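Peer 1: what follows is a protein structure lacking sequence information:
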Ligand SMILES: CCCCC/C=C\C/C=C\C/C=C\C/C=C\CCCC(=O)SCCNC(=O)CCNC(=O)[C@H](O)C(C)(C)COP(=O)(O)OP(=O)(O)OC[C@H]1O[C@@H](n2cnc3c(N)ncnc32)[C@H](O)[C@@H]1OP(=O)(O)O
């Protein structure tokens, strides 16, 4: 069966899924994770059009992040675009894989929009990995408004799929791949993940 015809993977882990394992060298709870790629739309500091999300490690395999909705993120007048909020959730969920020293891409992501999010609102994001099954990583996130304990405005469930570094080298545009390979920090970061405990 081709990948395009495969039935959607359930967002509920199978019975023989296992608990996620925090890597011994993962940043301590409270420490910032830093950007995984300077030009990333979600977290890259060098990306002028990006969301500039900065995730911090939590306990176990969990993270927190804040995202301020700007005027450039509107869908309806004065309200955040749902796709932008989903991007913020995707990035926050994606950063969880860093705590396990696993390189993974989003396979499936489902968002519930619970409350409208006005411009200038700070979205307080929290995400956690709940289970791992072979290459599949199951994670969930919520975004609250009005403070870290405020009401939930968005929530999402996702399945990430573990990939090798070669995934990016094979599929990425040569120009950007070459530039990333010329960055010693980027290469060190990504190569460190190839050796798992
Ligand atoms: C030294 C140079 C460095 C260069 C790189 C530099 C930096 C890169 C660093 C980090 C970047 C990492 C991540 C980015 C982080 C955050 C950004 C947010 C995350 C994203 O925004 S990321 C972009 C959007 N994302 C994609 O661009 C994926 C496109 N897609 C594919 O590339 C393939 O489709 C793939 C790889 C997903 C699977 O392909 P495949 O052939 O490897 O795997 P296969 O088919 O064998 O499936 C194996 C098992 O996964 C299940 N499975 C497969 N596909 C699924 C799906 N869609 N949903 C649910 N489950 C799925 C199967 O059901 C099976 O499950 P089971 O084991 O139970 O049978």
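Peer 2: Nice, I can see it. Everything numeric in this text was worked out from a predicted model, so none of it was measured.
Peer 1: enumerate the residues of the chain near the ligand.
Peer 2: Along the chain, the residues adjacent to the ligand under the rule C-beta under 6 Å from any ligand atom are 3, 9, 36-37, 42, 90-91, 94, 103, 105-108, 134-136, 159, 161, 163, 165, 168, 177, 180-181, 186-187, 190. Heads up, the C-betas are built off the backbone N, CA and C, glycines and all.
Peer 1: filter these down to the ones in strands?
Peer 2: Within the residues of the chain next to the ligand, residues falling in strands by DSSP state E are 105-108, 136, 159, 161.
Peer 1: quick one: the helices in the chain?
Peer 2: Along the chain, counting by DSSP state H, helices occupy 82-99, 166-171, 174-181, 184-192.
Peer 1: count of residues packed around residue 170?
Peer 2: For residue 170, the count of nearby residues is 10 (other C-beta atoms under 10 Å).
Peer 1: actually residue 59, not the one I wrote
Peer 2: 10.
Peer 1: and for residue 91?
Peer 2: Using other C-beta under 10 Å, residue 91 has 26 neighbouring residues.
Peer 1: okay, now the unreliable bits of this protein?
Peer 2: 1, 194-197 (pLDDT under 70).
Peer 1: at 90 instead, please
Peer 2: Scanning the chain for pLDDT under 90 picks out 1-9, 181, 183-197.
Peer 1: re the thing from before, just the buried residues of the ones in strands among the residues of the chain next to the ligand.
Peer 2: Buried members of these, scored by 16 or more other C-beta atoms under 10 Å, are 106, 136, 159.
Peer 1: distance of the spatially most central residue of the chain from residue 136?
Peer 2: By C-alpha atoms, centre = their mean, the chain has its centre lying nearest to residue 94, at 2.2 Å. Between residue 94 and residue 136 the distance is 14 Å, computed by C-beta to C-beta, to the nearest Å.
Peer 1: same deal with residue 107?
Peer 2: Distance from residue 107 to residue 136, counting by C-beta to C-beta: 7 Å.
Peer 1: quickly list what's touching both of the two.
Peer 2: Listed as contacting both residue 107 and residue 136 by C-beta atoms under 8 Å, 6 or more residues apart in numbering are 9, 159-161.
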